[in-house]
Structure formats: C-alpha cells, structure tokens
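In: The sequence and its predicted three-dimensional model are supplied below.
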Amino acid sequence: MTVTPATLAPVSITARPLRCRNCGAERAPAPVAICDQCLGPLDPVYDPTRRLPDRATIAGRAPSLWRYQEWLPFDGEPVLSLDTGFTPLVEAPALARRLGVAHAWVKNDTVCHPSLSFKDRVVAAAINAAAAFGLDTIGCASTGNLANAVAAHAARAGLKAWIFIPDELEAGKVVGTSVYGARLVRVRGTYDDVNRLCAQVADRFGWGVVNVNLRSYYGEGSKTVAYEVAEQLGWRLPSAVVAPMAGGSLLRRLRRAGDPGDGRVGGGGERRRTRRRHPGPGRGRRRVRRDGGGGDHRGGPRPRPRRPVSAGRRTGFVHHRARLEDARGGERRARRGARH
Ligand SMILES: [Zn+2]
C-alpha cells in the first residue's frame, strides 16, 4: 500500500540534493537516506558558488543555529524550530588545571531549546526537511533524548509525532515525550528492531522518521556545534575537541564542519586548525567497536555481532568506525609529537 503524504501550506524552504558517500551517485532531494545504487549513506550537496555571509553578518543574526543557515542543507528560509542552538560556551578553569592545559571550555547543550538536549539541533534540521517535503508526521527510533526532542518540536509545529522505543527502556527517559502528546510505541525487541520497523513505517505511511529517512538532513544539524564554538572563541578553533561517541555521527559532523567543501564558516583565516578530535568514553564507543565488527577486542568470548538493522545503519557503522580509527590515529600522532 502506498500512502501519499498529506501536504501542508506551501513553505519557502527547499531541501538540497543528495550524493552517495560511497559511489558518488547524486539524486534529487527526497526523504531518502540510502543510495539506491550501492546502499551507501547519502549526504546533502552544497552549491559551492552560493553567497556566504561574513562574520559581521553572522554576528548580527538571531542567536540560534540558523545564523549558519548557508551551511545547513536548505535553500530559502527555515520555517520551524527557529530558536534552537547557540548555547553557552562555558570556561572551566578547574577542569583545565586538572587536564594540564591552559584553557578548557564546556559547550552547554543542556540548555538547548526546546528539550534541553543536543538532539534539538538535529531535530531542528530534520523538521525543516519534513516541512520542505510537505510531510505532516514525523517520528524517530530512540532510546531517550531524541524521543523527547522529536515530540517537543512536533508539538510546537503542530505536526503529528510517532516515537518508537525498545520496550525495556526505563519510563523516566520518555516522560517528556508523553508530556508533549506524541504517540509512543514500545517495540518488543532491540534498538535495531525498532530502527527496522521505523524504516518500514516511513515507507508505508510517507512519514519523516528523523533518524531514518530524513537522516541525511538531520545529521547536518550537528555541525552547528563546531560553528558556534569557533564563533564564541572569536573565530578561533580549539586545538582539541572531546565529543561523546554514541553512534559516531557527531564526531564525523564535527570533522565535516571544517571541510572546505562545505565552505568555511566565518570566511576562513582561522589561525590554527583543530588537530585532534577525541571520542569521549562511554557505552557508545564500545558499541561502535562491537557492531562495526571490532578490531579492538579485549579477551573473553567474542560477542556475536548483532544483526544489522538496515543497510544504511550498517554502512553508517563502517563510516563511524573509520572516524574512530582516524581519531585514534590522531591521538597516537599527538603522543608521538609530544615525545619528539
Ligand atoms: Zn551509492
């Protein structure tokens, strides 16, 4: 059964075209995150000739992630979630002393609007993609913060929201989701099973599942953390960044934020580049190793690889693993440099 998505009032925003990260195939903008040629992940394509704002223009814009809108995957003006992002960068001198560095800062996304989490950034991007495609329902596969963010953004935009979670998730993690009136579906199975079900409902009902078929647009919201840090440090980049690993997406997007192919925010001319991006400790880091096939197994019975939830997720892990190894290489190079 094919259901035509209900259309909302015409909006002024359109989504950028997509290109496969593996084979380079390009396709028209669509709520699709997987290459139909090779099943690789799709990334938005930016127009290298687009007009980019200078630092003064950016400084005069409203304090949200949309002040970098030329580096987000849309043409025209964003229409939803306009006040997300531009969270404080807080200096942490005690932490700097403990780390033995001159300065350390903490990016405080716990005051991000509206759901007090980093996930507000990615949902702000995804919900504008949903608007561009005329979708009236968004959703996600989640284990907590993303569920609350999708529910909050959808409630304010007047969109319907369907949130899919593993049935064993603690109730406390999705209280916010329930408060915002989203339809909450507990799925008997693992997070991978939830993800696969989401891919099926997105196809069948024409929904925008932010971290499934809107993923190419959704992920771009993460880059704005790097832009904000640069601007808040007076358009200088820190010499090292420590980021939570989770699925690996943030680390990749932080790197992409410095990719000249995207056009350098603030007009370039930074006095130094960020040389190191460290994946932070935590469960996610281990999960990437395990699900990605593992190259760093530490004895004991080798865990049985989980079934891949989808081709996209599988290839996502391959790419995240490459980033993790790249970051480790950076750590090793930095240590070697310190010795010499
Ligand atoms: Zn491809």
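Out: Everything's here; your move.

In: which residue sits closest to T84 in space, ignoring its chain neighbours?
Out: What sits nearest to T84 in space, not counting adjacent residues and going by C-beta to C-beta, 6 or more residues apart in numbering, is A124, at 4.0 Å. For glycine as for every other residue, the C-beta is placed from the backbone atoms N, C-alpha and C.

In: again, but for R215
Out: In space, R215 is closest to A33, 4.0 Å off (C-beta to C-beta, 6+ apart).

In: And for V225?
Out: Distances taken as C-beta to C-beta, 6+ apart put K107 closest to V225, at 6.2 Å, once the chain neighbours are dropped.

In: got it, and Q37?
Out: According to C-beta to C-beta, 6+ apart, the nearest residue to Q37 is A25 (4.7 Å).

In: burial count for that neighbour?
Out: 14 (other C-beta atoms under 10 Å).

In: going forward, begin numbering at 282 instead of 1
Out: All right, first residue 282 from here; so that's A306.

In: close enough to count as contact, it and I315?
Out: No. With contacts counted by C-beta atoms under 8 Å, A306 stays clear of I315, the gap being 11.2 Å.

In: contacting residues for the closest residue in space to R469 that isn't next to it in sequence?
Out: Of all residues not flanking R469 in the chain, D448 sits nearest, at 5.0 Å (C-beta to C-beta, 6+ apart). Going by C-beta atoms under 8 Å, 6 or more residues apart in numbering, D448 touches 467-470.

In: Any chance of JSON lines for those, columns neighbour count, distance to V460 and pLDDT?
Out: Formatted as JSON lines, the contacts of D448 follow (neighbours: other C-beta atoms under 10 Å; distance: C-beta to C-beta, whole Å; pLDDT from 0 to 100):
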{"residue": "R467", "neighbour count": "14", "distance to V460": "17", "pLDDT": "95"}
{"residue": "V468", "neighbour count": "18", "distance to V460": "21", "pLDDT": "95"}
{"residue": "R469", "neighbour count": "9", "distance to V460": "24", "pLDDT": "95"}
{"residue": "G470", "neighbour count": "14", "distance to V460": "25", "pLDDT": "92"}
